[in-house]
Structure formats: C-alpha cells, structure tokens
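Student: requesting a structural model of the entry that follows:
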Amino acid sequence: MMTPSRPPVDAACRNASADQLSVMGSTSRGELSAWIKRTALETGFDLAGITHLARSQHAGYIQEWFATGQHAAMDYLQRHAPVKIDPQIHWPWVKSVVVLGLIYRPPVSDIPTAAGPGTEPKGKIAAYAVGRDYHRVMAGLIKRLARAIAARESESFRWAASVDTSPLLEREFAARAGVGWIGKNTMVINPKKGSWFVLGELLTNINLTSDSPMADHCGSCRRCIDACPTAALTPYQMNAARCISYQLIENRGDIAPAYQQPIRDAGYLVGCDICQAVCPHNSKAPMAANPAWGNLLQAMIAPSEVSGWDELEWDRQTRGRATRRVKLPMWKRNASILAGEEPPSADQL
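Tutor: Here you go, the predicted model:
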C-alpha cells in the first residue's frame, strides 16, 4: 500500500459496443485468457495473471490500518480508501484485471553498504529507482499489450491502465491472480522470480478466466522482520510511518532523530531494499532483462555530491527517473543525515 504516487498514467480506453461480453468473437474465454498471458510475456513482461475486479477481501484490515495512523502523512491513501475496498465504484465497467509484473533487480542490489577505508560513504538508491521511471516503462508495455489485444478482439474491447497511479490494491489483485503471495514483508513474492518486480494492471471489460491464488511459502521465516532497522514490519503488515522508504521519499518534513541513525546504518539516500535483500526467495531471483534498468550510473551517490546540487543539477539527475519524486531539499536532507550532519529543518524543505 505504501508506494510512491504519481500523476495518472494516460490510460487509453476504447469504447465498447458490448461491455459485458463474456466470449469475444469465436474465441473462448479460456483460450483468450491464455493467449493474453502468453502475449504479455512476449511483449516483455516477466509475470502475468488474471483475476476479476471485485471488492477487497481485507476491508477490515484496511480500515484498521488507516484508523491506527499507519499511513503516516499519506492522507491521499485514506481519501481513496472507499475505492480501494470496492474498486467497482471507480470502474463499474471493468470485469477482469490482467496483473503484470516486470523484474527490476539490477546487480546494484548486491552492493554492500559499507564504504572502503578512508573513503566517503555513498548513499544507495533503492533498486526499483536506479533505472528509468517504472511508471513510464510499464505504461508503455501495457499499451503495447492492449494494442495486440485490440488487433485480435477489436469489436468490443475496452481497457484502462494502472501503474501505481490509482486507488487499486494491486498487491491484493496480484495475489488473487496467482502472480505470487503477499509475504511477511508485504511484498508480492513469486517462488521463481522473487519479489524484485514492479506491478501494473490492464483493466478490461472482457470477462476473462481467473487464475488461482498461490499458496503462502513464508513459513516460519522472519528474516525481513528481524532485519528491518526501524521495526516497521510485523508479519504481513507494515507501519509506513516507521519505514525508511517512507521517511526518505514521502516525508516532506523533519525526519525524527530516532530514525536518523537507522538510516545511516542502512546507507540509503532514496528508498530501502533491506526487507527484500534478506528474503530467501530472492537469493536466486533473476536480474532485470529490460534495458530500463541497465544503467547503474545512479546506483550510489555520495552525500557531498548531493550537497552541491542546484535545481538544474537535480533536474538533470532525476529527469525520467522515479527518484524525481524526492525533491531537491529532501535529497539534501537525506544526504545530511547520511553524512552524520544536522539536517535542515522542515521550514527549509
């Protein structure tokens, strides 16, 4: 639930003449569903599954999560709560959701935090943000998939895209679609692909065949919980207010002293990967095949370098990247903390 919000992706839609069509043309639902998943993989996605758009099975948990303030200052999440619980409020025409996954794991995820003797420590960038902005990459691939479906089933096909941009509980839908299970670190985990992948969805009026959910394979493991520097995790639940990613990316104000030393210990400037890095299911997770994550130039950045940035340099460094959500004053605040210096106060951010 705690993912960076972005301006809405341009979700191209095609008006349909029969929104509730169950079988399109002469193709059966099962055959069409299988073809869509194969085509998704051929398009460049690493994972694909299908489920129906339906009310959340965890409405009570969602309401309690907000009621106890675990969303911190992300009030926009709470405003969207009714649609998160019942997405058909927002998408009354949608029947099925094609859930898509794209692996982003670059080699940088294996780089140790510690710097060599006599060298300045460098701040790590969370692996998903090292390459191009995943919102754009995923949106482009979803549009490509939609064009392929439209070429085959043009008469009644209507669709919309979501890439962490709408009040859709994409991790719950990913679990329903059999893409993986929601692990104790709240990430979607696939037994062969691990959890180093971003999610996107193609919502459609086609009534497709749903895949079966996957069994939970976390077992008694609690490595993610024990490794979290700020105790943000309990089994299957994250307190976003305590998460290092929230503090470095979403928190626009002061970072409390209690979190500053854990941030230094973790060694991140933007985001955090610790709960994924320690997960046994990621020990053999494949590296990203998509070239969007092939440029590792912004994998680690020295705090002293960030302190010298102006708005033009910030623009150059973050253009076309997910790191752009972190504004220049926040970069400098994060760098100050990592360097062991007094960070600027909130009125300076």
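Student: got the buried residues for stretch 227-246?
Tutor: 227-230, 232-233, 238-246 (16 or more other Cβ atoms under 10 Å). To be clear about C-beta, it is placed using only N, CA and C from the backbone, and glycine gets the same treatment.
Student: likewise stretch 50-60?
Tutor: Residues 50-51, 53, 56 are the ones in stretch 50-60 that count as buried (16+ other Cβ under 10 Å).
Student: hmm, who's touching it?
Tutor: For stretch 50-60, the surrounding residues in contact (Cβ atoms under 8 Å, 6 or more residues apart in numbering) are 33, 36-37, 62, 84-88, 91, 94-99, 169, 172-173, 176-178, 203, 207-211.
Student: among those, which are in strands?
Tutor: Of these, the ones assigned to strands by DSSP state E are 96-99, 203.
Student: Three-state assignment for Trp331, please.
Tutor: Judged by DSSP: H, G, I helix; E, B strand; the rest coil, the three-state class of Trp331 is helix.
Student: which residues does it contact?
Tutor: 269-270, 306, 309, 314.
Student: relative to Pro344, how far out is it?
Tutor: Per Cβ to Cβ, to the nearest Å, Trp331 is found 11 Å from Pro344.
Student: try Cys228
Tutor: For Cys228 relative to Pro344 (Cβ to Cβ), the value is 26 Å.
Student: same question for Leu328.
Tutor: Going from Leu328 to Pro344 by Cβ to Cβ gives 11 Å.
Student: please apply the same query to Leu199.
Tutor: For Leu199 relative to Pro344 (Cβ to Cβ), the value is 34 Å.
Student: what's the helix or strand for Gly101?
Tutor: Using DSSP states H and E, the element containing Gly101 is strand 96-103.
Student: paired strands for that strand, with orientation please.
Tutor: With DSSP bridges as the criterion, the sheet partners recorded for strand 96-103 are strand 47-52 (antiparallel), strand 197-204 (antiparallel).
Student: let me know which of these is the nearest to Asn185.
Tutor: strand 197-204 (13.9 Å; Cβ to Cβ).
Student: which residues does Val188 form beta bridges with?
Tutor: For Val188, the beta-bridge partners are Ile182 (DSSP bridges).
Student: CA atoms of stretch 42-56 as PDB?
Tutor: Listed next in PDB are the C-alpha coordinates belonging to stretch 42-56 (Å, rounded to 0.1, in the frame of the first residue of the first chain):
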ATOM      1  CA  GLU A  42       6.200 -11.900 -25.400                       C
ATOM      2  CA  THR A  43       5.600  -8.200 -25.100                       C
ATOM      3  CA  GLY A  44       8.300  -8.000 -22.400                       C
ATOM      4  CA  PHE A  45       6.600  -8.700 -19.100                       C
ATOM      5  CA  ASP A  46       8.100 -11.200 -16.700                       C
ATOM      6  CA  LEU A  47       4.800 -12.200 -14.900                       C
ATOM      7  CA  ALA A  48       1.200 -12.200 -15.900                       C
ATOM      8  CA  GLY A  49      -2.000 -13.400 -14.200                       C
ATOM      9  CA  ILE A  50      -5.700 -12.700 -14.400                       C
ATOM     10  CA  THR A  51      -8.400 -12.100 -11.900                       C
ATOM     11  CA  HIS A  52     -11.800 -10.400 -11.700                       C
ATOM     12  CA  LEU A  53     -12.400  -6.900 -10.400                       C
ATOM     13  CA  ALA A  54     -14.100  -7.400  -7.000                       C
ATOM     14  CA  ARG A  55     -14.400  -6.000  -3.600                       C
ATOM     15  CA  SER A  56     -11.400  -6.300  -1.300                       C
END
